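Novice: Just a sequence and a predicted model for now, questions to come.
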Amino acid sequence: MHEQYKFMMIFKIKHSKKCLFNSFIFISLLQFSFPALAVQTPQDLSDQAWEKNLRKQNFQNRKIIEGIDQNFQERKIIEGADQEILEVKAPIMAEDASIVPLSIHTKIVQTKERYIKKMHIFVDKNPMPLVGIFEFTPDSGKADLAMRIRINEYSYIRSVAELNTGELYMSKSFVKAKGACSAPPPASMGDSIKLLGKMKMKVVGLVKLGRPNLMQIRVRHPNITGLAPERPGSSVIPPAFFVDTLEVEYNNKPIVKALLTFSISMDPTLRFYFFPENEGILTVTGTDTKSDKFSSTHAINVWKPKNS
């Protein structure tokens, strides 16, 4: 009886291994014959969202922002072919999906002959994939950007730079983060509502004339997505309410104009460059989706040591 039981166990193990092997072969052949059934990674899904929807929608006769038409149908997007143009940097795994740090580094100098005219930023898998469109001028000095954004599920962040000469260059970075657009807001949102539109501005480092200087601005605003309950456990979902434009001028010359969506984090923070040739006034104006308007100025002075 014992030997018979032992024989049956050996038979079952061998049979199970054979079935497992056959199943593996069957699944492999099935995936080879029907690629759509193959296991897809989050990166694959993100790329598909870009290729099937976002790329066509945003770069082929699509109106990106009302009143502004972009027609990139006949142009070629160069991805990774020219690393001298731009690079997207973001954490591989975000600690907080609602405030993911993002920086875009460009590798050309803004001159009248050749400069980055626009920067388009997307998160492929966000409910609102477009993060923003940023317009630059030669007076920007550099087209680098830094900000904090929301990410709702594992996705690529993409930046497409459009030069004044017409070329398009793309860089991307994959980030593991979830739930930012549909999560209840933090308790601190109440302060953002009370201080709506208040700005803080500062130059990072000492002002240096005749070269690009890094500037940081912060706008107090809840930047409500319209997808999240007003508080945990609530069934009330307040409508979307967010900063939709920011414009920066220095001595009445345009530096950067930003068209934004709720994929920007609460209390939008933006870092950018400007090129001061003289001391002067930097002015920031903005609006939100309720047509609220806000503005602030910052005096740009060169530091001078006091006479002893």
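Specialist: Sure, I can see it.
Novice: Give me the residues contacting stretch 132-139.
Specialist: For stretch 132-139, contacts defined as Cβ atoms under 8 Å, 6 or more residues apart in numbering pick out 64-65, 110-112, 115-121, 143, 145, 250, 253-261, 263-264, 272, 274-275. (C-beta placed from N, C-alpha, C; glycine too.)
Novice: of these, buried ones?
Specialist: 64, 110, 115-121, 143, 145, 250, 253, 255-261, 263-264, 272, 274-275 (16 or more other Cβ atoms under 10 Å).
Novice: Just the ones of the residues you listed in strands?
Specialist: 64, 116-121, 145, 250, 253, 255-260, 272, 274 (DSSP state E).
Novice: So for the nearest residue to Leu214 once chain neighbours are set aside, what's the pLDDT?
Specialist: Once flanking residues are discounted, Leu214 sits nearest to Val204: 4.1 Å by Cβ to Cβ, 6 or more residues apart in numbering. The model reports Val204 with a pLDDT of 94.
Novice: Next: Pro222.
Specialist: Per-residue pLDDT puts Pro222 at 96.
Novice: One more: Leu130?
Specialist: Leu130 carries a pLDDT score of 96 in this model.
Novice: Could you do Ser98 as well?
Specialist: Per-residue pLDDT puts Ser98 at 95.
Novice: same thing with the one 10 residues further on?
Specialist: The model reports Ile108 with a pLDDT of 87.
Novice: Surely it forms part of a helix?
Specialist: No. Ile108 sits outside any helix when classified using DSSP: H, G, I helix; E, B strand; the rest coil, being coil.
Novice: Could you break this protein into its assigned domains?
Specialist: Listed domain ranges for the chain are 2-37, 42-300 (source: automatic domain parsing).
Novice: now, of those, which is deepest in the fold?
Specialist: Stretch with highest mean neighbour count among the domains of the chain: domain 42-300 (a mean of 17; mean count of other Cβ atoms under 10 Å).
Novice: Give me the distance from that one to the chain's centre.
Specialist: Distance of domain 42-300 from its chain centroid, counting by Cα atoms, centre = their mean, to the nearest Å, is 6 Å.
Novice: shift numbering so it begins at 201
Specialist: That works, and once the first residue is 201, the last one we named lands at domain 242-500.
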